[in-house]
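Visitor: sequence first, then the predicted structure:
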Amino acid sequence: MTLRKFVLNASLLATAALSAGAAMAQAKEQFFPLLSYRTGAYAPNGIPWANGKQDYLKLINARDGGVNGVKLTFEECETNYATDRGVECYERLKSRPGVALFDPQSTGITFALTDKAQADKIPLLTLGYGLSVAQDGLAFRYNFPLMGSYWTGADILIQHLAKKEGGWDKLRGKKIALVYHDSPFGKEPIPLLQEREKMHGFQLSLIPVTAPGVEQKAAWLQVRQQRPDYVLLWGWGVMNSTSLKEAQATGYPRDKMYGVWWAGAEPDVKDVGEGAKGYNALALNGYGTQSKVIQDIMKHVHGKGQGTGPKDEVGSVLYTRGLIIQMLSVEAVRRAQERFGKGKVMTPEQVRWGLENLALDQKRLDALGFTDLMRPLSTSCADHMGSTWARVHTWDGSKWGFSSDWYQADEQIIKPMVKAGAEKYLSDKKLTRRTTQDCQS
């Protein structure tokens, strides 16, 4: 062999080796597309949520070296909470190598993506939001409203009001107003509230607020005229603080107001301060800086200058919810690896199996560092929610504090509604329920 051929062959071998190495590196990356909104009227709430998700991925890479050696990667895509932009982000990122799942971070985007995800066989994780009927995994194979839906949230709020009044019979004749974001998100709890209204004889009034909710004077004029015993606030972003300011201006007692868990975080009340004192909201998760996962993030992520946002937001309500969402996503990958191969990159279909076979008992949550941040969660092919627990917390003028024990939504009411809604969806889409064999795949 001549020197020239030897050098040429060596060069070709080196190039092939580098290509193989690059391919192996590519194959060892699990990709998480992160739809977010850091701009616009919903940014104050969207930012800590997005930061928590990023920081958890960074923690798993920095502390654990990924999931069984598989590095976790991500890319954010700004939606501005707009449905069309959310769909554009999905279409752009869905074909990335190693894609695991999508968290649309918006009920409207979830509605728009549900049929697309079904066709593309990519799971949607919609923790505490999205389609309430998607709890039925036999109808919605790719939707996962983990930890609760707007029906479970609305049910828990009515349970709490009944307890506060001294029993279900005491709700009869009471006036309850729903001040809601006039969008799929805000309209989602209405069927459950109407069902409870028929059962218990309270008077439900519906007061929509045009998005994004910076102008609410007409809505609160209705509240002042109707003088409801309670106001349920189904808001998001700037709508929440505006509602509290309008309630203060019209003299409506804040301690008679109860928000959904997307209207119960620091950005919703901090600008109102003492004016929001006594305001109540659902708490889907715990918060604070004492949990092990928060301490690990402070050490391995923020302690190394890799934090996504300001250090003082770590442990806040929505930041922690972002952590939980990303933890469940990562645990779905880990669970899938247990069946399909540890140390391998999972396909979206395999991650879907992982999502519907989650088994996070208290021992596992403690090991993950999520003690006191959430309740145990276990999913199945039929149940894509896994948990329906929530508490009420109350703003004291400077901080949130829990003001109730855990409640669980009444499945005797919700399950028939879920099944009826799922059957209608299947009929409209000309689809059939999943079989026992399909649940094993």
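Guide: Yep, it's here.
Visitor: and the helices in the stretch 151-300 of the chain, which stretches?
Guide: With DSSP state H, counting those that start in this stretch as the criterion, the stretch 151-300 of the chain has helices at 184-187, 190-200, 217-226, 238-250, 266-269, 292-300.
Visitor: grab the most central residue of this protein for me.
Guide: With the centre of the chain defined as its mean C-alpha position, the nearest residue by Cα atoms, centre = their mean is Leu127, 2.9 Å away.
Visitor: so it sits in a strand?
Guide: No - counting by DSSP: H, G, I helix; E, B strand; the rest coil, Leu127 is located in no strand; its state is coil.
Visitor: can you give me phi and psi for it?
Guide: Per-residue torsions, Leu127: phi -70, psi 110 (degrees, to the nearest 10).
Visitor: if we can go back for a sec, between the helices of the stretch 151-300 of the chain, which gets nearest to Asp136?
Guide: helix 190-200 (14.8 Å; Cβ to Cβ). From N, CA and C alone the C-beta is placed, and that goes for glycine too.
Visitor: contacting residues around the residue lying closest to Leu373 once chain neighbours are set aside?
Guide: Among residues not flanking Leu373 along the chain, Gly286 sits closest, at 4.2 Å (Cβ to Cβ, 6 or more residues apart in numbering). Applying Cβ atoms under 8 Å, 6 or more residues apart in numbering to Gly286 gives the contacts Thr320, Asp372, Leu373, Met374.
Visitor: what is the neighbour count of the second one?
Guide: Okay, so that is Asp372. Other residues near Asp372 come to 13 when the count uses other Cβ atoms under 10 Å.
Visitor: with the one 5 residues further on instead?
Guide: Under the neighbour criterion other Cβ under 10 Å, Leu377 is assigned a count of 20.
Visitor: walking through the stretch 101-250 of the chain, point out its strands one by one.
Guide: 124-125, 143-144, 175-181, 203-209, 230-234 (DSSP state E, counting those that start in this stretch).
Visitor: export those strands to TSV and tack on mean neighbour count and mean pLDDT?
Guide: Shown next, in TSV, are those (neighbours: other Cβ atoms under 10 Å; pLDDT from 0 to 100):
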stretch	mean neighbour count	mean pLDDT
strand 124-125	26	98
strand 143-144	26	98
strand 175-181	23	98
strand 203-209	18	98
strand 230-234	26	98
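Visitor: just give the number of residues close to His300.
Guide: 18.
Visitor: check the offset of stretch 284-297 from the chain's centre.
Guide: Relative to the centre of its chain, stretch 284-297 is centred 17 Å away, using Cα atoms, centre = their mean, to the nearest Å.
Visitor: okay, and for the stretch 1-150 of the chain, where does confidence drop off?
Guide: Counting by pLDDT under 70, the ranges of the stretch 1-150 of the chain that qualify are 1-27.
Visitor: contacts for stretch 400-408?
Guide: 156, 159-160, 264, 266, 269, 280, 283, 287, 317, 375, 388-394.
Visitor: just checking, Lys292 touches Thr371?
Guide: Yes - under the criterion of Cβ atoms under 8 Å, Lys292 makes contact with Thr371 at 6.9 Å.
Visitor: out of the strands of the stretch 101-250 of the chain, which is closest to Ala420?
Guide: strand 143-144 (16.8 Å).
Visitor: ok, the closest one: who's next to it in the sheet?
Guide: strand 124-125 (parallel) (DSSP bridges).
Visitor: thinking again about what came up before, dump the helices of the stretch 151-300 of the chain to a markdown table, plus distance to Glu331.
Guide: Listed next are the helices of the stretch 151-300 of the chain as a markdown table, based on distance: least, Cβ to Cβ, whole Å:
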| stretch | distance to Glu331 |
| --- | --- |
| helix 184-187 | 26 |
| helix 190-200 | 29 |
| helix 217-226 | 41 |
| helix 238-250 | 30 |
| helix 266-269 | 27 |
| helix 292-300 | 12 |
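Visitor: which of the ones you listed sits closest to Arg364?
Guide: Comparing the helices of the stretch 151-300 of the chain by Cβ to Cβ, helix 292-300 comes nearest, at 12.7 Å.
Visitor: so which elements touch the closest one?
Guide: helix 43-64, helix 317-340 (3 or more Cβ pairs under 8 Å, 6 or more residues apart in numbering; DSSP states H and E).
Visitor: pipe the ones you listed into TSV and attach distance to Phe102 per row.
Guide: Formatted as TSV, those follow (distance: least, Cβ to Cβ, whole Å):
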stretch	distance to Phe102
helix 43-64	12
helix 317-340	10
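Visitor: need the ones you listed in a markdown table with mean neighbour count and distance to Ile297, can you?
Guide: Shown next, in a markdown table, are those (neighbours: other Cβ atoms under 10 Å; distance: least, Cβ to Cβ, whole Å):
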| stretch | mean neighbour count | distance to Ile297 |
| --- | --- | --- |
| helix 43-64 | 22 | 5 |
| helix 317-340 | 23 | 8 |
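Visitor: Ser205: which of the ones you listed is closest?
Guide: helix 43-64 (26.0 Å).
Visitor: give the next helix or strand downstream of that closest one.
Guide: Counting by DSSP states H and E, the next helix or strand C-terminal to helix 43-64 is strand 71-78.
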